[in-house]
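1. how does the following fold in three dimensions:
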Amino acid sequence: NAISAEFQVSVVADNIPENAQVFTLTLSGATGGASLGSPSAVTITVPANDAPIRFSSSIATATEGTSVVLSLTRGVDTSGASFGDISSTATVLYRTISVSATGGQDFTATGGTASFSSNGASSSITIPITDDATPELSEVFQVEIYNASSNSVVVAPSVVTVTIPANDDEHGVVSFLSVGLVRVLDEDEVAARSADFPIRRTGGMFGTITVQWRLEYTNGTLVTTQFVATSGSVTIGNGASSASITVTLTDDSVPEEAVSYDIRLTGVTGGGRLARPDEGAVNASVQVADSDDAYGDFQFASDSQQSISSVPRQARLAFSRTGGLAGSVSLTYTIVYIPPGGQTSDGTTSFLQTSPSPVAFAASASAASATLAINPAAVLEVGGTLMAVITRVQLTSSIPAGAPTPNSPVIGNRNAISLAINASLANGPIGFLPSSLNVLVNESSTAQVINLIIGRQGLAGTATVTWMIQGNSTLFTSGDVGATSGTVVINDGSSSASISITITADATPELDERFFVKLTSISPAGQLLDPQASESLVTIINNDNPGGFVSFDSSLGSSFTVSEGSSVSLVLRRIGGTLERRIVDVLVTNLQATGSFDILPISARALFNVGEVTKPLIFAVSDDSTPELEETFSVTLSTASLSSSFAAALIAPTSVTLVVPKNDDANGVISFVTATQIILESTSSSTYEANFTLTRTGGLFGEVQAYWNVTAGPTPYASDLDPVSGVVTFPSNVNTAVFTVRSLQDQLPENGESFTI
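-> Okay, the predicted model is just below:
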């Protein structure tokens, strides 16, 4: 009698993410006489379940000092399609796992719960990365999710591997050991030809790195000579913090100047890097001392190049430079006179006119000399010596910045010499003193005496000197002087004596007269004449005005009248000497305040050659057709602009006057403007008159008057015209004037009447 029955179908829990699933349950048959009716099948739906939770990626990277954010997804498959039920909230647990990175040291070791909101498909986990200063290679740690809440399931990737990249210069920062590192190399010293430049690696020391270097000039270009190697590389091994660069000079015999180079680190391979300026220096200084006497080895030249002379009285020292010729060098020396039998300590420098000056060697110069004037009064004895010693050599040109103090210049082995004083040097030669070598004498009105001084350097013994006079020009005669020869004595203990020459007087104009006073011999024998000072030239300066005096020829007058278009000859006359050329300027001056120069030339230059006495000058007045009043010109002699050597001496008269009369109708020409006028006879009611205009042509200078009168016509003129005469005045510079004549009434019948004015 039962009409219903039931059975159960269980849905298996499998933790497999699934979307909704539909099943059909069908009755397949009945027994006990029953049959299947409708509906004989039902539909069973299993809703979406077990939504998958996974990381978006299985790997991540995060640098020190940042945080890594790991993304989670829910309810999607690997292609991004929806999968499972996300309608409710969900959670999943997570934790960090140390691998090569250590939790709490390299990252924040943590764990927790990541949550998804209702219908939420994403969430995230943030892990901070620790920032430290410790150089490290690349390190990793992991983050794992597990134990999802109901209706969710953890699927792969459920673990993320996080990489912290290598950091804090794990392979190191390379620089020289210290800032401002300097090494000095010296080719001349075996032990100093090489130097090590230590470099260091700071920061990490992981791995082997190679550091490149090169030598540079201070302008940055590569050095290519002087060193065994000018570039290269050095290796710092794994775990090592330092190495050294060795720089070695090439040993040669070439003189080379002091110089400074830079050694520069140019690159690093193997992961390291070069230091920044605030971390260390990547360049150091290589200072190379000069070598092989680059600036020279200085000493006295050979004995044959050293000398002492008596004419002129001087010592000449020669110096040489061997080795290098680079740079300018100043050489300092001393020189002393040591008397016979004396010691070096007895030396004196008083024999010199001036103290020795340093000797300058220019760059590339291998020789130099010094000439020392010996005091004329110095007593040098036979058997004495001059001793010279080089005391110092100093480089005067600059060396490159940063270069070491030079090893050279140096003083060589031949640093001292001695020069012997012989008999010819002891007293020195005899000659005229410089003040007596060329003497000028003005002839006076009476005889006069001049003294010519001869001298010697030494003071020992008596010397008798013979002299004579010899003319130097045809103008000189023996009558111009007194004695023409003689002797003079320089006494023992004296260095000078004088020769007296008498200059006679006359009144004859003369040019310069020259003669020599010559020293011809000396006794006793063995003494010398100075060939450069054995003659004195005496000049008796031109006198009594050999060029004469110049003036106008007064016999021709002092004033000349010259009309336009004509000329006048003025004569210059020279009085006195005519032995020299003389020049005088002739200047024309218009004496009016205004006016033109009608006289040509307005200036001239007259040359009197030797022997010339007169010089005519022609002055012409131009014919210009311009009305002019009388003009007066002054013609004057002048030497103001001439050299004193040729300027003539002037004597009165030095000026004359030229008068040009007035010309070309200077006061004008008077005439009527019109030749005919008609006048009606006046009546009792009307008076008739005519105005006569006069014109003044030509010059308008001064006030002029024109007189007029009636000269023809019916008489008496006064019965018909009034006035019948008069005067018209033209003021200066006025060219027209007017006078009036009127007719008179006479009550007489008349024909026309004509009158002439």
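
2. quick check: G172 touching G204?
-> Yes: look at G172 against G204 with Cβ atoms under 8 Å: they come within range, at 5.4 Å. For every residue, glycine as well, the C-beta is placed using N, CA and C.

3. more neighbours, those two?
-> Using other Cβ atoms under 10 Å as the criterion, G172 and G204 rank with G172 on top: 26 against 21.

4. identify the residue spatially nearest to that one, adjacent ones excluded.
-> R201 (3.6 Å; Cβ to Cβ, 6 or more residues apart in numbering).

5. who touches the one you found in this structure?
-> Applying Cβ atoms under 8 Å, 6 or more residues apart in numbering to R201 gives the contacts 172-174, 209, 236, 240-242, 272.

6. who's it bridged to?
-> V174 (DSSP bridges).

7. any idea how far E170 is from it?
-> Going from R201 to E170 by Cβ to Cβ, to the nearest Å gives 11 Å.

8. check P627 too.
-> Per Cβ to Cβ, P627 is found 118 Å from E170.

9. ok, and G577, which helix or strand is that part of?
-> Remark: G577 resides in no helix or strand, with elements defined by DSSP states H and E.

10. how many neighbouring residues does the residue nearest to P714 when sequence neighbours are not counted have?
-> What sits nearest to P714 in space, not counting adjacent residues and going by Cβ to Cβ, 6+ apart, is E753, at 5.2 Å. Look at E753: counted by other Cβ under 10 Å, it has 12 neighbours.

11. and the helices in the protein?
-> Taking DSSP state H as the test, the helices found in the chain are 423-427.

12. can you find the helix or strand of it with the lowest average pLDDT?
-> Ranked by mean pLDDT, DSSP states H and E, the weakest helix or strand in the chain is helix 423-427, scoring a mean of 64.

13. my read: R74 touches S123, true?
-> Yes: at 7.3 Å, R74 and S123 qualify as touching, with contact defined as Cβ under 8 Å.

14. quickly list what's touching both of those two.
-> Here R74 and S123 have F116 as joint contacts, going by Cβ under 8 Å, 6+ apart.

15. the two: which has the busier surroundings?
-> More crowded of R74 and S123, by other Cβ under 10 Å: R74, with 26 against 21.

16. partner residues bridging that one?
-> The partner residues for R74, given DSSP bridges, come to I53.

17. what residues are up against it?
-> Contacts of R74 (Cβ under 8 Å, 6+ apart): 51-53, 84, 86, 90, 116, 120-123, 152.

18. which of these count as buried?
-> The neighbour-count test (16 or more other Cβ atoms under 10 Å) marks 51-53, 84, 86, 90, 116, 123, 152 as buried among the contacts of R74.

19. now for the residues you listed: which two are most distant?
-> G84 and S123 (15.0 Å; Cβ to Cβ).

20. low-confidence stretches in the stretch 251-400 of the chain?
-> Counting by pLDDT under 70, the stretch 251-400 of the chain contains low-confidence ranges at 311, 344-346, 377.

21. quick one on the thing from earlier: overlap in contacts of G172 and G204?
-> What both G172 and G204 touch, as defined by Cβ under 8 Å, 6+ apart, is the set P135.

22. follow-up on the earlier one: between the buried ones among the contacts of R74, which is nearest D106?
-> The closest of the buried ones among the contacts of R74 to D106 turns out to be S123 (Cβ to Cβ; 24.7 Å).

23. wait, the closest one sits on T113?
-> No: with contact defined as Cβ under 8 Å, S123 does not count as touching T113 (9.8 Å).

24. without its sequence neighbours, what residue ends up closest to L70?
-> Spatial nearest neighbour of L70, excluding adjacent residues (Cβ to Cβ, 6+ apart): I125 at 4.6 Å.

25. got a pLDDT number for the one you found?
-> Looking at I125, its pLDDT is 95.

26. equivalent analysis for the one 3 residues further on, please.
-> We note a pLDDT of 95 for P128 in this prediction.

27. run through the bridge partners of it.
-> Residues in beta-bridge contact with P128 (DSSP bridges): S67.

28. and it, how many neighbours?
-> Using other Cβ under 10 Å, P128 is surrounded by 13 other residues.

29. isn't it up against G65?
-> No: if you go by Cβ under 8 Å, P128 and G65 don't touch, sitting 9.0 Å apart.

30. contacting residues for S244?
-> For S244, the contact set (Cβ under 8 Å, 6+ apart) comprises 196-199, 234.

31. let me know the closest of those to E257.
-> E257 lies nearest to F197 out of the contacts of S244, by Cβ to Cβ, at 22.4 Å.

32. which ones are touching the closest residue to that closest one other than its chain neighbours?
-> Once flanking residues are discounted, F197 sits nearest to I245: 4.5 Å by Cβ to Cβ, 6+ apart. By Cβ under 8 Å, 6+ apart, I245 lies in contact with 196-197, 199, 213, 232, 234, 263.

33. with T695 instead?
-> The contact partners of T695, taken as Cβ under 8 Å, 6+ apart, are 670-673, 735-736.

34. out of these, which is most surrounded?
-> I670 (18 neighbours).

35. what is the burial count for the nearest residue to it once chain neighbours are set aside?
-> Counting by Cβ to Cβ, 6+ apart, I670 lies nearest to A706, which is 4.6 Å off, once chain neighbours are set aside. Close neighbours of A706, defined as other Cβ under 10 Å, add up to 16.

36. please apply the same query to the one 4 residues further on.
-> V710 has 18 neighbouring residues, counting by other Cβ under 10 Å.

37. looks like it contacts V724 (just checking).
-> Yes: applying Cβ under 8 Å, one finds V710 in contact with V724, separated by 4.4 Å.

38. joint contacts of these two?
-> Common neighbours of V710 and V724 (criterion: Cβ under 8 Å, 6+ apart): Y717.

39. which residues touch the nearest residue to T391 once chain neighbours are set aside?
-> Spatial nearest neighbour of T391, chain neighbours left out: T332 (5.2 Å); criterion: Cβ to Cβ, 6+ apart. T332 makes contact with 358-359, 390-394 under the criterion Cβ under 8 Å, 6+ apart.

40. for Y333, give the beta-bridge partners.
-> Residues in a beta bridge with Y333, per DSSP bridges, are I390.

41. which ones are touching I501?
-> Contacts for I501 were tallied using Cβ under 8 Å, 6+ apart; they are 449-452, 469, 481-483, 517, 538.

42. tell me where the stretch 201-350 of the chain has strands.
-> For the stretch 201-350 of the chain, the strands defined by DSSP state E, counting those that start in this stretch occupy 209-216, 231-236, 242-248, 259-269, 273-274, 283-288, 297-300, 307-310, 313-322, 329-338.

43. out of those strands, nearest to S622?
-> Going by Cβ to Cβ, the one of these nearest S622 is strand 313-322, 72.0 Å.

44. among the contacts of T332, which are in strands?
-> Among these, the members falling in strands (DSSP state E) are 359, 390-394.

45. among these, which one has the most neighbours?
-> The residue in these with the most neighbours, by other Cβ under 10 Å, is V393 (26 neighbours).

46. so that residue touches N415, yeah?
-> No: between V393 and N415 there is no contact under Cβ under 8 Å: 9.8 Å.

47. if it's not too much trouble, I'd like the contacts of R74 exported to TSV so that distance to K662 sit alongside each entry.
-> Converted to TSV, the contacts of R74 look like this (distance: Cβ to Cβ, whole Å):
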residue	distance to K662
A51	143
P52	143
I53	141
G84	145
I86	140
A90	143
F116	138
G120	136
A121	135
S122	132
S123	134
S152	145
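
48. of the residues you listed, which belong to strands?
-> Judged by DSSP E, those include 51-53, 90, 116, 122-123, 152 as members of strands.

49. can you redo those residues as CSV with distance to T354?
-> Below are the ones in strands among the contacts of R74 laid out as CSV (distance: Cβ to Cβ, whole Å):
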residue, distance to T354
A51, 116
P52, 113
I53, 110
A90, 114
F116, 110
S122, 105
S123, 105
S152, 115
